[in-house]
Each structure stands twice: as C-alpha cells, then as structure tokens.
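Peer 1: build me a structure from this.
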Amino acid sequence: MKTSDKLKVVIIDDSKMITERLKELINGLEGIEYVGCARNVPRAMFLINQENPDAIILDINLDADLPNANGLFLLITLRKKHPNMKILMLTNHSEPQYKTVCLENGADYFLDKSNDLYKIPETLMKIQRERYKVSIAS
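Peer 2: Residues are numbered from 1 along each chain as shown. Predicted coordinates for the structure are as follows:
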C-alpha cells in the first residue's frame, strides 16, 4: 500500500499516557499512519495544517493556554475548516450532554476513554475501508 493510500491520523489529547497507548494501537494497523500528536489547540492547528490528516482523535480537555481553548472549540473550528475530516471524540466526559454537543457540532464518533479505547482500531479501519471504497469509485 502506498503512503498516499494510508489513512493519516493525528491524536489531540493532553494525556501523555493516552497518546502513547493510542500510538501503540494505531501503529499496528494496516493502511493507517500515525502522523503526530498535540496537547493544545495552537499546536493541534499547526500540526493539522502541516500534515492534513484524514482523521483525528480528539479529547475535550486539552492543555489550556488560551481561554476556552478546549476540544469542543477545536471540533467546531475543524468542522468548518475541514468538512471531510473524520473526527473521533475520545473523552472521559461520557455524559449524554457532552455526546449530544459533540455530535451536533460535527463529531463523527464519540467514544469514552474508560470503556471504548479498544474500539479505536476497529473505528479507524472502518473509516479507511469507507475512504478506500470512495477513492476506487471516483
């Protein structure tokens, strides 16, 4: 598989432990390429502009260096700027109101860190299969 055919993924999370675990999960997947991680909004925007990923895994809580600079703000910003990017919210805020807000603002998936981390590889593979089908049909 050519590098250009791979699904490029960025992780945006303030937990080093979570980002390391996600990298381990992603690195073993056929057709998926981990291209970087960020812990705050400015770094995330820089990385996304530089790498142009196909999908991001995004937490609600991020290192705050600006007022209201959290994952919800970034979700809204990214959805406007990158309508085709797949956004997977992965958070400890699994309450229904967070899920509703994220999905209403353009998240493609909403996963709970405590219970759904194992679903990340399967979800990314699903996105890659859907993307590959679209590119063959085009």
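
Peer 1: got any ranges where this protein has weak pLDDT?
Peer 2: The model of the chain has pLDDT under 70 over residues 1-4, 65-67, 133-138.

Peer 1: mind listing the strands for it?
Peer 2: 7-12, 32-38, 55-58, 86-91, 109-112 (DSSP state E).

Peer 1: which elements pack onto the longest helix anywhere in the chain?
Peer 2: Taking DSSP state H as the criterion, the chain has its longest helix at helix 119-137. With contacts defined as 3 or more C-beta pairs under 8 Å, 6 or more residues apart in numbering; DSSP states H and E, the packing partners of helix 119-137 are strand 7-12, helix 16-27, strand 32-38, strand 55-58, strand 86-91, strand 109-112. No exception for glycine: its C-beta is placed from N, CA and C like everyone else's.

Peer 1: what comes into contact with the fourth one?
Peer 2: Contact partners of strand 55-58, identified using C-beta atoms under 8 Å, 6 or more residues apart in numbering, comprise 7-13, 22, 44, 48, 71, 74-75, 78, 85-90, 107, 120, 124, 127.

Peer 1: hmm, try it at 6 Å
Peer 2: Residues outside strand 55-58 that contact it (C-beta atoms under 6 Å, 6 or more residues apart in numbering): 9, 10, 11, 12, 71, 86, 87, 88, 89, 90, 127.

Peer 1: can you check the third one too?
Peer 2: Outside strand 32-38, the residues within contact range by C-beta under 6 Å, 6+ apart are 6-12, 19, 23, 26-27, 44, 47, 51, 53, 124.

Peer 1: what about residue 55, neighbour count?
Peer 2: 23 (other C-beta atoms under 10 Å).

Peer 1: and the one 3 residues further on, by the same measure?
Peer 2: Under the neighbour criterion other C-beta under 10 Å, residue 58 is assigned a count of 26.
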